[in-house]
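Peer 1: just to be clear, the model below is a prediction. Sequence and coordinates:
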Amino acid sequence: MHFPIPSAEDGKRLGHNITGAVMVEYMIVLTVVTVVAVIAMYEVGKPLVQFYMQARGVIVLPA
């Protein structure tokens with residue numbers, strides 16, 4: 001079997017493809033991190049809001 005020796009043009013073309021793949025991978029990582037951060041803020045914030053509403057109810061309506 002004969003495999004062609006890569007030329008400078010092939011290297012440039014592969015470099016551009018690799019750069020695009022890195023950018024796509026970077027966007028995927030950013031999207032996943034953003035989704036995880038939103039879920040974490042929701043999970044942390046929900047009990048805080050519930051506690052705040054209960055405390056507010058106790059202060060406003062101390063029945």
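Peer 2: Cool, got the structure.

Peer 1: please count neighbours and contacts with C-alpha atoms only from this point.
Peer 2: Will do.

Peer 1: tally of neighbours for residue 55?
Peer 2: Neighbour count of residue 55, defined by other C-alpha atoms under 10 Å: 13.

Peer 1: for it, give me its contacts.
Peer 2: Not one residue lies near residue 55 by C-alpha atoms under 8 Å, 6 or more residues apart in numbering.

Peer 1: could you look up the SS state of it?
Peer 2: Assigned by DSSP: H, G, I helix; E, B strand; the rest coil, the conformation of residue 55 is helix.

Peer 1: what does the pLDDT read for it?
Peer 2: pLDDT recorded at residue 55 is 78.

Peer 1: look up how far residue 57 lies from residue 47.
Peer 2: Going from residue 47 to residue 57 by C-alpha to C-alpha, to the nearest Å gives 15 Å.

Peer 1: what stretches of the protein score poorly on pLDDT?
Peer 2: 1-3, 5-20, 58-63 (pLDDT under 70).

Peer 1: where's residue 41, which helix or strand?
Peer 2: For residue 41, the element it lies in under DSSP states H and E is helix 8-60.

Peer 1: measure residue 37 to residue 21 for me?
Peer 2: In this view, residue 37 and residue 21 are 24 Å apart by C-alpha to C-alpha.

Peer 1: check residue 34 too.
Peer 2: Here the criterion is C-alpha to C-alpha. By it, residue 34 lies 20 Å from residue 21.

Peer 1: cool, residue 40 as well?
Peer 2: Residue 40 is 28 Å from residue 21, by C-alpha to C-alpha.
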